[in-house]
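Engineer: Below are the sequence and a predicted model; questions follow.
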Amino acid sequence: MPVPNPTSFHAPEASHRYVLDLVRGADRERFLGALFTPEPRRSGLLAVLAFDHELGRTRSVTREPMLARIRLAWWREAVAEAAGAGKPRAQPIVEALSETVRRHALAPESLNALIDAREEEIEGPLDVMRAGHALADLELAVLGVEDASSRQAAHAVAAAWLMGEGPERDQLVGDARALHRKVDPAALPILLPALSLGRPLGPLRRPLAYWWAARRGRY
């Protein structure tokens, strides 16, 4: 198991609130999944999702490749600060991510892998498998889940999430669901969004569907 960074950092409550509101508004399904994780891992998941959201915005924020690379370089510096011993820059997502990185001993290389995947998107299509796997690995590290079946299922759901509708996405979701008896129950919060990749769920029905699936250990 990873050993937490002894030089801990506690993000301001305002930063955690900012991250929670951001993910709730921008990534509703994965936000709902994260709610089934107890604290402090829930806050860690939200910080990782907020980080992923900001990286994913790079292509829409600027169409100029050089400016996009500068933006991602800023996040590389922020990741180095998050994993360091000093105080990170005063930005809500960076502060929440810093607390998460140090508490769960996330490797900087794992966070940079997600940045690398998004950097490819600046001048070409996103490699959904690479980006999805990088995010899933970070989420699993926060949850403390290490078994192969959970990793395979999380990789499949995270990659499928980035795809449009089609047989390849359906296959990934089906592969993930076939593993439901083998996955660590602690991984369920990041697998529950697979429910939204099947038949449409209305905003009122979705929370109940997630709750019922979590109770049954299904997704």
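Structural biologist: Now that the structure is in, tell me what you want to look at. Numbering: from 1, shown residues only.

Engineer: Pull the distance from stretch 190-207 to the chain's centre.
Structural biologist: 17 Å (C-alpha atoms, centre = their mean, to the nearest Å).

Engineer: residue closest to the middle of the chain?
Structural biologist: residue 49 (3.9 Å; C-alpha atoms, centre = their mean).

Engineer: so how far is stretch 109-119 off the chain centroid?
Structural biologist: That offset, for stretch 109-119, works out to 12 Å (C-alpha atoms, centre = their mean).

Engineer: Does the residue nearest to the centre of the chain touch residue 30 like I think?
Structural biologist: Yes: counting by C-beta atoms under 8 Å, residue 30 is a contact partner of residue 49 at 5.6 Å. Any C-beta I mention is one placed from the backbone N, CA and C, and that applies to glycine too.

Engineer: any common contacting residues for these two?
Structural biologist: Here residue 49 and residue 30 have residue 23 as joint contacts, going by C-beta atoms under 8 Å, 6 or more residues apart in numbering.

Engineer: how many neighbours does residue 11 have?
Structural biologist: 21 (other C-beta atoms under 10 Å).

Engineer: Using just helix, strand and coil, how would you label it?
Structural biologist: Three-state assignment for residue 11 (DSSP: H, G, I helix; E, B strand; the rest coil): coil.

Engineer: Check the gap between it and residue 94 for me.
Structural biologist: Taking C-beta to C-beta, to the nearest Å as the criterion, residue 11 is separated from residue 94 by 9 Å.

Engineer: Let me know the secondary structure of residue 124.
Structural biologist: Residue 124 ends up coil, using three-state DSSP.

Engineer: show me what contacts it?
Structural biologist: Counting by C-beta under 8 Å, 6+ apart, residue 124 has no contacts.

Engineer: Please apply the same query to the one 3 residues further on.
Structural biologist: Contact partners of residue 127, counting by C-beta under 8 Å, 6+ apart, are 117, 120.

Engineer: Quick check on it: phi, psi?
Structural biologist: phi -80, psi 100 (degrees, to the nearest 10).

Engineer: Thanks a lot, see you next time.
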